[in-house]
Structures are given as C-alpha cells and as structure tokens.
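Student: need a structure here:
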Amino acid sequence: MNAGQRIIMTVGCFGLMLGAFGCASKEVVKKDEPIAMTKPANSTPTANTAAADHKKNVPTAAQTVPAASAMTYPQNTGKASGGDAAFDKVYFDFDNSDLSKSSRDTLTRSAEILIKDKKTVKVRIEGNCDERGSAEYNLALGERRAKAAAKYLTTLGVQPERLSVLSYGKEKPAVQGSDEAAWSKNRRDEFVVQK
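Tutor: Sure thing, here's the model as predicted:
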C-alpha cells in the first residue's frame, strides 16, 4: 500500500468513526432558569449601580457591531400582559446582548410595574435572535439577552425570584423575512407573565 492509499484509508476510517459516534443531540429550547441573586439582599440599587453594571457590557472595538447611528429599532408594539401588568419588548443590535438606552428605558418602566404590583407576579424573560448563525450560537445569545434584562431589572429593585429566563434562539421569529427590517424585530426579549 502506498502513502496516498494510507492517507485515504486513514481519512476514511476517521469519517466512519465520526459517523458512528456522531454528536449528541442538543436541546433546542432551554428550560426556564431562575436568576441567581448577584448582589446582597440588603443593598439598595441606585441609578449609579445600574449604569455601572451596564458599562461592564460595553463591546470592545474588536467586535464587529454596526454603528449605533446606523441602527434602527422597531417601535415597542408588542406587550406581554397579565392582570394589571403590561411589558414592552426589548430589542437588541446584531450579535449583541448589550442593553441600548431605549431598552434600559423600557426595562425601567417594566421594573416600576413589577415593584408596584402588590401580587407577586412572576415574569419569564424569553430571549430571541434573528435567523443568522447556528442554532447553538443563537440559543446562547438569546440566553445572554434574557439574562441581561433580568440583571438590569434586579438592579432596579425587582426581586430575582420573580424572574426566570428562557432562550428560544432563532426558533421563534416574530417576523418572517431575510432582511434587516425582519431581523431587527426578531432580536428581542419578550416578557411572559407566569400564572
């Protein structure tokens, strides 16, 4: 057997082994995950701590993110509601889980509703992505988006035990389409009031 035939045999054997064992199937939708408390229970959140927490998530220059001035955000048209509570969707830039100024404003309004609510309404934050990227990558990105919203809400005084996160990745688009208009509406967090 010559060297060329050995290489072909080696590659063929490797291919058979990979095909025989394969990759484990992965769960497409992550289960509800409670939010762990990230600060002491006796600390009082302030606007300064919320701003400082947000600054930790500022993208580096090495990341390729479209300029904020070039981004357009959909209007907050969708609301989740339960009883007296109504929550606007939060939108994200491409390949990013950082909260924009408008997202923080939306979350501030949601936090006010949750804090004033005398019932102990629980909310599931569902992270979603546009269709670009692998299923695994988008599940992780959707989870980061949901956790970013949950963390911000807790810095505003919402009890962490009232929040849970779930990532749908790209599996639950709000709008069908393969252009920026559709993608911008699919990069979102939605809020579902738990019964």
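Student: Now do the contacts for Gln194.
Tutor: Gly82, Val121, Lys122, Val123, Arg124, Ser164 (C-beta atoms under 8 Å, 6 or more residues apart in numbering). C-betas here are computed from N, CA, C, even on glycine.
Student: Leaving out the residues flanking it, which one is nearest to Lys122?
Tutor: Excluding the flanking residues, the one nearest Lys122 by C-beta to C-beta, 6 or more residues apart in numbering is Gln194, at 4.1 Å.
Student: Most neighbours among the contacts of Gln194, please name it.
Tutor: Neighbour tally across the contacts of Gln194 (other C-beta atoms under 10 Å): the maximum, 25 neighbours, falls on Val123.
Student: Can you give me the buried ones in stretch 99-118?
Tutor: Neighbour counts using 16 or more other C-beta atoms under 10 Å place Leu99, Ser100, Ser103, Arg104, Thr106, Leu107, Ser110, Ala111, Ile113, Leu114, Asp117 of stretch 99-118 among the buried residues.
Student: So which bits of stretch 142-156 are buried?
Tutor: For stretch 142-156, using 16+ other C-beta under 10 Å, the buried residues are 142-156.
Student: sorry, back to before: of the buried residues of stretch 99-118, just say which sits nearest to Asp93.
Tutor: Taking C-beta to C-beta as the measure, Asp93 lies nearest Ser100 of these, at 7.1 Å.
Student: doesn't Asp93 make contact with the closest one?
Tutor: Yes: using C-beta atoms under 8 Å, Ser100 is in contact with Asp93, at 7.1 Å.
Student: Can you list the low-confidence ranges for this protein?
Tutor: Along the chain, segments meeting pLDDT under 70 span 1, 3-85, 118.
Student: ok, longest helix in it?
Tutor: Ranked by number of residues, the top helix in the chain under DSSP state H is helix 135-155.
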